[in-house]
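Visitor: what's the 3D shape of this:
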Amino acid sequence: MPVHRGASATATKTPPKRVLSARSQAGDLAAVIVPSALAAGLSFYDIGARSIWLDEAASISIASQHGAALGSAMAHDGGNMLVYYALLHVLIGAFGNGILVIRAPSAVAAACTVAVVSVLARRLFNRAIAVVAGVLTAVSLPLIFWGQDARAYSVMVTLVAASFLAFVFLVDRPAEVRPSRWAWAGYVVATTLAMYMSFVVVLVVAAQLLSLLWHRKRSRPVLTALVVSAVCCIPLAVLAHQRGSGQLFWVPAPNASTLNAALGELMSSSLQPQFALTTTSYGLFGLTLALLGIAVAITVRVASRRDDERTAFSLVLLVGWLVVPVCLALGESAVGQSIFVPRNLLISLPPVGILLAYVTLGVTNDEPRRRDLRWSLGWLAVVILVALRAVQLAPSYGTSPENWKAAVTHVLAQARPRDCIAFYPSDGRMAFQYYIGTGQAQVASAPRSVLPAETWGKVTTYVEDYASLSDAALSKVVATCPRLWLVTSHNGAPTGPPGTVAHYETYQRLRASLEERFASHQVTNFGYADPVAVELLSR
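Guide: Reported below is the predicted structural model:
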């Protein structure tokens, strides 16, 4: 009898394997859900407080078109963000163009990015790294900022992360196991859709191919998938060829300032010029840079030893994902048309969280390390990283670097009958039209638009339209407008690429011509990074 009682007690204390498996699956699920829920909360919190900016106004205007006008507007940038505009078109048609509607896809994408990062970290390492990587990615200023923005960048990052996840499932498998058709299809779909979000996604493919050095025998499904993806991108290539590089006229050649801004964005320590640097920005930048340097050193050591092929593959994949696109963008920008824009390099944001989690927790396999001093210091570093990231993120809520909402309110509050308004570039009219809306009362109270010359209430697309007033049009404006509101933003710069300088000179001539004919003027700026300048000219 005692023997049987002991056996029974032992059986009670040791859960069966399927119970352990269920608990393990529940733990893995929680490691994904908790960080992604955090990202969703951070993305949707106060999502409508920040004013739209010029590029968001372009997204809304393009997606609001119909028929041939929609096709023409979507193709204007050579197919860049084409699928995103199509998605936004469907949402606006179904739910209107409210601020929550137009920004919701980006917020959902931010949460999905965190979920994919957690799944990928769990697949490559373990659950602890998955949780920490997810949380670090969620508490990220650039991820949340672009997650509250009606542009394709947040969705682009999600699709790039999904492409890497499918890539890992496609190649990181036992030799005797055939590649999954679902992984192959997922890789094709994610990679292709990501390309239709932004041309720069092609840079991450090079990082994936680099990691294939550890799985040469499994390269065939990847290469066939890339061929299919390339075929699917032929329409995009045709549109891009027809458009040329003219849409990038404003991108300067890489310099210390742009490189610093790009690195700060990747490390979630800053977002320039939208938000100014602080003391904690430098602290977070230095700590993150040091930890990533350790990650690179560990990667070189593990890859050179070749005694742990799986860890070597995982680290080479992540470090390549972080470094290769940045280096290729620098190289392309140095010898050809510059593409080095910090937000374009968000494609390399997801691996940062995983590498930081890997280095701080110091785990190279699925076995938990004993709780020694190094283990405690690792978790302390995680807490510090999350706190510093939160400090960068918190002030961004409700802050409008380019405040069109306040500019429109200011003009409407002071406008008089017979007032006129001119925009330079004409793109600004899209943002103005968004806040005026199509209601008869607000449309009637808005100053008459003379540049561009079009009645209010109609959503028209103006992208990179740096039109000015001819002499005849200027004479008519002077004769019919007792007061003129001149609204400018993104009007070029006295230094930089030739296109930017040319647009700035056109603006200066326009302003000088107007100020010669109007007796007084008064300027008010709304925002600070790319302020909206509202100048009131009166006869």
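Visitor: Can you pull the domain assignment for this protein?
Guide: For the chain, automatic domain parsing gives the domain ranges 13-44+77-396, 404-538.
Visitor: CSV for those domains, including distance to E56, mean neighbour count and mean pLDDT?
Guide: Glycine gets a C-beta too; all of them are placed from N, C-alpha and C. Converted to CSV, the domains of the chain look like this (distance: least, CB to CB, whole Å; neighbours: other CB atoms under 10 Å; pLDDT from 0 to 100):
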stretch, distance to E56, mean neighbour count, mean pLDDT
domain 13-44+77-396, 4, 19, 90
domain 404-538, 8, 17, 92
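Visitor: where's the closest residue to I102 other than its chain neighbours, which helix or strand?
Guide: Excluding its sequence neighbours, the residue lying closest to I102 (CB to CB, 6 or more residues apart in numbering) is A150, at 4.2 Å. Assigned by DSSP states H and E, A150 belongs to no helix or strand.
Visitor: A150 touches L87, doesn't it?
Guide: No - counting by CB atoms under 8 Å, A150 sits too far from L87 to count as a contact (10.9 Å).
Visitor: Which neighbours do these two have in common?
Guide: P105 (CB atoms under 8 Å, 6 or more residues apart in numbering).
Visitor: possible to save the domains of the chain as CSV with distance to S51?
Guide: Below are those laid out as CSV (distance: least, CB to CB, whole Å):
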stretch, distance to S51
domain 13-44+77-396, 9
domain 404-538, 4
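Visitor: So for I52, which of those sits nearest?
Guide: domain 404-538 (6.0 Å; CB to CB).
Visitor: and that closest one, how far from the chain's centre?
Guide: With CA atoms, centre = their mean, to the nearest Å as the basis, domain 404-538 stands 29 Å off its chain's centre.
Visitor: how long is that domain from one end to the other?
Guide: End-to-end distance of domain 404-538 (CA to CA, to the nearest Å): 22 Å.
Visitor: neighbours of the residue nearest to Q274 when sequence neighbours are not counted, just the number please.
Guide: Nearest residue to Q274 in three dimensions, chain neighbours excluded: P401, at 4.5 Å (CB to CB, 6+ apart). P401 has 18 neighbours, counted by other CB atoms under 10 Å.
Visitor: where's P401 relative to D55, distance?
Guide: For P401, the distance to D55 (CB to CB, to the nearest Å) stands at 12 Å.
Visitor: Then T280?
Guide: 28 Å.
Visitor: which phi and psi does W53 have?
Guide: Backbone geometry at W53, expressed as degrees, to the nearest 10, gives phi -120, psi -180.
Visitor: Please list all residues in contact with it.
Guide: W53 neighbours (CB under 8 Å, 6+ apart): 400-402, 404, 431, 530.
Visitor: Then F95?
Guide: By CB under 8 Å, 6+ apart, the contact list for F95 reads V101.
Visitor: Identify the farthest-apart pair in the contacts of W53.
Guide: Across the contacts of W53 (CB to CB), the longest gap, 13.3 Å, separates P401 and A431.
Visitor: Angles on the backbone of the residue nearest to I102, please.
Guide: In terms of degrees, to the nearest 10, the main-chain angles of A150 are phi -80, psi 60.
Visitor: Numbering from 56 from now on, please.
Guide: Happy to do that; since the first residue is 56 now, the last one works out to A205.
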